[in-house]
Structure formats: structure tokens, C-alpha cells
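Novice: for reference, the sequence and a predicted model appear below.
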Amino acid sequence: MIERKRPRRTRERILQTSLALFNRSGEPHVTTGDIAAEMGISPGNLYYHFRNKEEIAAELYGAFEAEARRLLARAEARVDVEDLWLWLHLWFEAMLRHRFLFRDVVDLAARNRAIGLGMARLLRDGESTLRGLFDAMRSSGTLQGTDQELDTLARNAMIVVTHAMAHARVLRGPVSEAADPNLGEAAYQVLMCVAPHLTGDARTLLERLSREYVAHTTTSGAGA
């Protein structure tokens with residue numbers, strides 16, 4: 001006997017549909033009516049599960065934060081350049097799945113108190129995690145710098161991480177609104193912040209990774 005898949009609950013469908021619409025058009029441009037129409041349900045059915053769009057956005061943010069915090073916990077065991085490169089890609093992939101949060105992050109955080117407070121805590125913890133990672137790299141001899149320099153490096157790296165997608169969106173312009181951001185480019189920019197502090201084999205490895213990335217980007221661009 002073939003076991004049938006359990007139908008998704010309406011609440012789950014609302015979140016999945018909202019995430020797709022928010023990512024595609026931006027949260028400010030999507031209404032609860034749009035979400036209900038996309039799902040083929042009545043607005044009343046939607047309001048039974050969520051009082052407003054802000055609640056939907058806040059719950060989607062909660063899912064992103066849970067994933068992000070798992071990645072922060074994993075970052076503590078990484079102490080070399082290749083590990084950092086991989087971790088950055090995983091972080092940006094999580095951002096990509098919830099990219100509506102970072103399209104206009106300052107505006108969204110100001111309008112939605114739950115997201116604003118959560119994002120502020122997450123960014124502070126992210127900066128602290130990067131600072132600890134850089135300190136571990138310094139202890140292992142792969143990175144050098146004073147405490148103040150590493151504090152600044154962690155802050156600058158987190159700024160690039162947070163705003164890389166918005167920056168790319170402005171450069172692409174509205175005609176490329178639906179295009180996915182280049183995750184490799186974002187990770188590359190963060191590592192270029194780290195590069196001046198690397199020593200010996202770590203610097204050599206980053207130069208190799210950079211050459212491979214630039215060559216891949218050039219080849220991909222030529223074939224487009």
C-alpha cells in the first residue's frame with residue numbers, strides 16, 4: 001500500500017508562500033491579500049493563523065535566526081582560511097534563503113520591532129563569534145594583529161556580511177531584481193578584509209583560493 005504524504009498545514013503553507021513572495025518582491029510590496037490570493041485561500045483563513053504581515057515576517061526571521069545561530073556555533077571550531085571560506089558560503093546561503101530580510105535591512109528592522117531586536121542581537125553575536133574565530137587563528141599562527149585591529153576586522157567583516165546583498169542589488173538595478181546574489185563574491189569580499197592580517201601558508205592558501213575564484217568568475221562571465 002502506497003503511503004500518501006501528509007498535506008502541509010495551512011500555517012506552514014502561509015509561511016512558505018510568504019517567504020517566496022517576500023524574497024521575490026520585497027516584504028514592503030507584499031500584502032496579506034497577495035499571500036492569500038497566491039494560496040487560493042480567503043483572507044479570513046490567513047488571519048486565523050496570523051494577525052498581520054508583521055507576525056509572518058517575524059516568524060520567518062525566527063527561522064533564519066535559528067539557522068544562523070547553528071552556523072555561529074559551528075564557526076567556533078574553524079581556525080583556518082579554507083574553513084572560513086566554507087563557513088562564509090554556508091552563512092550566505094542561509095541569507096539567500098531569507099534574502100528579503102537583507103534587501104532593506106535597516107528599514108525592516110525599524111518597522112518590525114521583533115525583527116529589529118532579534119537582528120541587533122544576532123549581529124552582535126555574529127561579530128563576537130568572528131572576533132573569537134580571528135583570535136583562534138592568531139593563536140594558531142595563521143593571522144596577526146593587535147586586539148584593536150581584530151576588533152575592527154570583526155566589525156568590518158560583519159558589516160560586509162550584513163549589507164553585501166543590498167549593495168549587489170543596487171549595483172544590479174531593478175532589471176535584475178529576480179537574480180540571485182553572487183555568494184562567492186560576497187565571501188570573497190569578506191576574505192579580502194582578512195587578507196592583510198594573514199601570514200605564511202594561510203596567505204598563500206587565500207591567494208590560491210582567490211585566483212581560482214577570479215578565474216571561475218571570469219569564465220562564467222564570458223559564457224553568459
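Specialist: Great, that's in hand.
Novice: give me every residue that touches the most centrally placed residue in the chain.
Specialist: Closest residue to the average C-alpha location of the chain: M95 at 2.2 Å, with Cα atoms, centre = their mean. With contacts defined as Cβ atoms under 8 Å, 6 or more residues apart in numbering, M95 is in contact with F64, L101, F102, V161, M165. Heads up, the C-betas are built off the backbone N, CA and C, glycines and all.
Novice: and the helices in this structure, which stretches?
Specialist: Using DSSP state H, the helices of the chain run over residues 10-25, 32-39, 43-49, 53-75, 81-97, 100-103, 105-111, 113-140, 147-172, 183-194, 200-223.
Novice: how about JSON lines for those, with mean pLDDT added?
Specialist: JSON lines is the format used below for the helices of the chain (pLDDT from 0 to 100):
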{"stretch": "helix 10-25", "mean pLDDT": "96"}
{"stretch": "helix 32-39", "mean pLDDT": "97"}
{"stretch": "helix 43-49", "mean pLDDT": "95"}
{"stretch": "helix 53-75", "mean pLDDT": "94"}
{"stretch": "helix 81-97", "mean pLDDT": "88"}
{"stretch": "helix 100-103", "mean pLDDT": "92"}
{"stretch": "helix 105-111", "mean pLDDT": "94"}
{"stretch": "helix 113-140", "mean pLDDT": "94"}
{"stretch": "helix 147-172", "mean pLDDT": "90"}
{"stretch": "helix 183-194", "mean pLDDT": "84"}
{"stretch": "helix 200-223", "mean pLDDT": "69"}
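Novice: just name the most buried of those helices.
Specialist: Mean neighbour count (mean count of other Cβ atoms under 10 Å) peaks for helix 100-103 among the helices of the chain, with a mean of 22.
Novice: roughly how far is it from the heart of the chain?
Specialist: Between the centre of helix 100-103 and the centre of its chain there are 9 Å (Cα atoms, centre = their mean, to the nearest Å).
Novice: and what of stretch 121-135?
Specialist: Relative to the chain's own centre, stretch 121-135 is displaced by 15 Å; criterion: Cα atoms, centre = their mean.
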